[in-house]
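K.L.:
coordinates for the following, if possible.
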Amino acid sequence: MALMIVSGSLMANSPNDGESVVNYSYAVVFGTGAYQVNDQKAFIFRVPFTHRVREASPERHGIQLLLPTLAGFYDYDYDRIARANTPGDAATLSFVPGMEFEYLINERWRLKPYGQIGMGRDLKNNENALIYVAGVNSHYSIPSPGKTEFALGNMLAITGFDPDDGNSQSMGILGVGIDMLYPWGVHVFGKATNLATHLIYYLYLDNPGFEQGDNRTETVRGEFEWGLALDFRKPRKLPGMELDRIGLGFRYGDNIKGIRLVTRFPF
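P.N.:
Down below sits the predicted model:
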């Protein structure tokens, strides 16, 4: 599943100060996790529902429906997150459906163009925002003489949002990352697993701003993510979704940091 950045307010009005902290983009692309812009915090919960229409093959492209549902919370301490009532305590809700196509260029290289359009709802202020995104992901398996597997990922996307107040915005994002799978011989529930780790850099082409509670705007120009996860040799199937791996991604950049749940290499 491919989900990209959308610029705009994730939490248009905080209960404490009336300004946003993390935008819709973080909810859509990075999913479940805790994020902080300077001293302001947000927790995002995402259910990444998908439906695979058909598998990709050398003869024809694959098709997958993207059906992510998201809830955003303001300034939640970690002990409060566990007790949160979803969606009752949520500051925002959003649903951004779309479609992804998968093309097998050769045995090592695949491309995944996609598009999504949906709505975000600010529950505190009864405001809506149209959210849209289009982009392409590239995944290339790097030849390796040993058992360890390496892959190179790239992505380019243009995204935007259009809220009720007409203050629409758009932006571009460029990403590049390296993924490593090491067959370490550990079995979980009788199944062989890999140790997975990745390093990704995201460049925000339009330097998106995150509003703070005192009329300041913090600019984010780029971010690194380092991830560590348990990779399943075969994806684990759950109702409405598939998990390639389970682990954590640690994000750090200009004025922003976070930790998120990792379920796949995002390219």
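K.L.:
residue 165 falls within a strand, correct?
P.N.:
No. Judged by DSSP: H, G, I helix; E, B strand; the rest coil, residue 165 forms no part of a strand; its state is coil.
K.L.:
for the nearest residue to it once chain neighbours are set aside, give me its contacts.
P.N.:
Distances taken as Cβ to Cβ, 6 or more residues apart in numbering put residue 127 closest to residue 165, at 7.4 Å, once the chain neighbours are dropped. The C-beta positions use only the backbone N, C-alpha and C, and glycine is treated the same way. Contact partners of residue 127, counting by Cβ atoms under 8 Å, 6 or more residues apart in numbering, are 12, 121, 163, 164, 165.
K.L.:
not counting sequence-adjacent ones, nearest residue to the fourth one?
P.N.:
Leaving aside its sequence neighbours, residue 164 sits nearest to residue 127 (Cβ to Cβ, 6+ apart; 4.8 Å).
K.L.:
is that neighbour in a bridge, and if so with what?
P.N.:
In this entry, residue 127 is beta-bridged to residue 122, by DSSP bridges.
K.L.:
and it, how far from residue 140?
P.N.:
In this view, residue 127 and residue 140 are 42 Å apart by Cβ to Cβ, to the nearest Å.
K.L.:
with residue 45 instead?
P.N.:
Per Cβ to Cβ, residue 45 is found 32 Å from residue 140.
K.L.:
can you check residue 187 too?
P.N.:
29 Å.
K.L.:
who's more crowded, those two?
P.N.:
A count of neighbours by other Cβ atoms under 10 Å puts residue 140 above the other of residue 187 and residue 140, at 17 against 8.
K.L.:
the more buried one against residue 152, yeah?
P.N.:
Yes. Taking Cβ atoms under 8 Å as the definition, residue 140 is a contact partner of residue 152 at 4.6 Å.
K.L.:
contacts for the host helix or strand of residue 232 next, please.
P.N.:
Following DSSP states H and E, one finds residue 232 within strand 222-238. Applying Cβ under 8 Å, 6+ apart, the external contacts of strand 222-238 come out as 177, 181, 186, 188, 191-204, 242-254, 256, 262.
K.L.:
in the stretch 151-267 of the chain, where is pLDDT below threshold?
P.N.:
Under the criterion pLDDT under 70, the flagged ranges of the stretch 151-267 of the chain are 207-220.
K.L.:
swap the cut-off to 80 and go again
P.N.:
Scanning the stretch 151-267 of the chain for pLDDT under 80 picks out 160-161, 163-171, 189-191, 206-221, 254-256.
K.L.:
show me where it has its helices.
P.N.:
Ranges of helices within the stretch 151-267 of the chain: none, based on DSSP state H, counting those that start in this stretch.
K.L.:
report the buried residues of stretch 146-161.
P.N.:
Using 16 or more other Cβ atoms under 10 Å as the test for burial, stretch 146-161 gives 149, 151, 152, 153, 155, 156, 157, 158, 159, 160, 161.
K.L.:
strands paired with the strand holding residue 232, and their directions?
P.N.:
Strand 222-238 has these strand partners (DSSP bridges): strand 191-204 (antiparallel), strand 241-253 (antiparallel).
K.L.:
dump the C-alpha coordinates for it into CSV.
P.N.:
Output of strand 222-238 as CSV, limited to C-alpha atoms (Å, rounded to 0.1, in the frame of the first residue of the first chain):
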residue,chain,number,x,y,z
GLY,A,222,13.5,17.2,5.3
GLU,A,223,13.4,14.1,7.6
PHE,A,224,15.3,10.9,8.1
GLU,A,225,13.6,7.6,9.2
TRP,A,226,15.4,4.6,10.6
GLY,A,227,13.3,1.5,11.0
LEU,A,228,13.8,-1.9,12.7
ALA,A,229,11.3,-4.7,12.3
LEU,A,230,10.5,-8.4,12.2
ASP,A,231,9.8,-9.3,8.6
PHE,A,232,7.5,-12.2,7.7
ARG,A,233,8.7,-14.4,4.8
LYS,A,234,5.0,-14.4,3.7
PRO,A,235,2.7,-11.4,4.4
ARG,A,236,0.4,-12.0,7.4
LYS,A,237,-3.2,-11.7,6.3
LEU,A,238,-5.7,-9.9,8.5
